[in-house]
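Undergrad: Dropping the sequence and predicted coords here.
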Amino acid sequence: VAAVAAGSGSVAASEEERLPCASEVWRRLRWVTLGYHYNWTDKIYTAQQHTPFPVDLGGLAACIMTHLGFDNFRAQAAIMNFYHPGSTLAGHTDHSEIDCAAPLLAISLGLPAVFMIGGLTQDVPPTALYLRSGDVVVMSGESRLCYHAVPLILPHTLPPHFSPQQATYLDNTRINISIRQVLPCGTTAFPDTSNTA
């Protein structure tokens, strides 16, 4: 973001006009992937699309999951979604991880939101949950594969404990960090799919 915002002294004037400022980049940002990077086109994770998972976030995930009894959970991938008032997330299931038996951990920051969770089919009426900054949701067991959605972000309701600098961005943003275990416990490699049709 800093590089985009700062540009370089040699950028031509016409190109310089097209470069967004840092605040515009942050406003447009919708998602970031960490660890094993999710391929949005093919809806898969691969060994080739990988960067080291952030140590601090992995440690936080391990602490939370251990306290909840998920001692074997390994944080291997995360999708960070950035929502603004008016943003929504349509009903969907998360089933691209090779190990869908491992729980999914979601951490909310910034503006509160309404989170809907239904059942394994769209026929099950959803339940609404009010998620505030700092709330944690763990989807495990049957709920791990349930349909869920975010139909509403509540504007101008940021908790007062954020610094003025943090509040400048978060007053108009909700960040959801969904942390996933991609591979089954004891597995360090992706299955060989080279012989599949």
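TA: Done, it's in. From a predicted model like this one, the values you see are computed outputs, not experimental measurements.
Undergrad: I figured H148 hits M139, correct?
TA: Yes - here H148 lies in contact with M139, judged by C-beta atoms under 8 Å, at a distance of 7.5 Å. Glycine gets a C-beta too; all of them are placed from N, C-alpha and C.
Undergrad: Between the two, tell me which one has more neighbours.
TA: Per other C-beta atoms under 10 Å, whichever of H148 and M139 has more neighbours is H148, with 22 against 18.
Undergrad: how much space between the more buried one and N172?
TA: 23 Å (C-beta to C-beta, to the nearest Å).
Undergrad: next one: Y130
TA: Distance, Y130 to N172, by C-beta to C-beta: 19 Å.
Undergrad: between those two, which one's more packed in?
TA: Ranked by neighbour count (other C-beta under 10 Å), Y130 and N172 place N172 first, with 18 against 11.
Undergrad: How about that one: what's its closest non-neighbour residue?
TA: Once flanking residues are discounted, N172 sits nearest to H84: 5.7 Å by C-beta to C-beta, 6 or more residues apart in numbering.
Undergrad: what sits against the one you found?
TA: Shown in contact with H84 (C-beta atoms under 8 Å, 6 or more residues apart in numbering): 27, 153, 172-174.
Undergrad: which of those lies closest to D42?
TA: Of all the contacts of H84, R174 has the smallest distance to D42: 27.4 Å, by C-beta to C-beta.
Undergrad: burial count for the closest one?
TA: Applying other C-beta under 10 Å, we find 26 residues neighbouring R174.
Undergrad: Repeat that for the one 5 residues further on.
TA: With neighbours defined by other C-beta under 10 Å, the count for I179 comes to 28.
Undergrad: same deal with I44?
TA: Counted with other C-beta under 10 Å, I44 comes out at 16.
Undergrad: Kindly report the same for T157.
TA: T157 has 15 neighbours, counted by other C-beta under 10 Å.
Undergrad: and L57, how far is that from G186?
TA: Distance of L57 to G186, computed by C-beta to C-beta: 22 Å.
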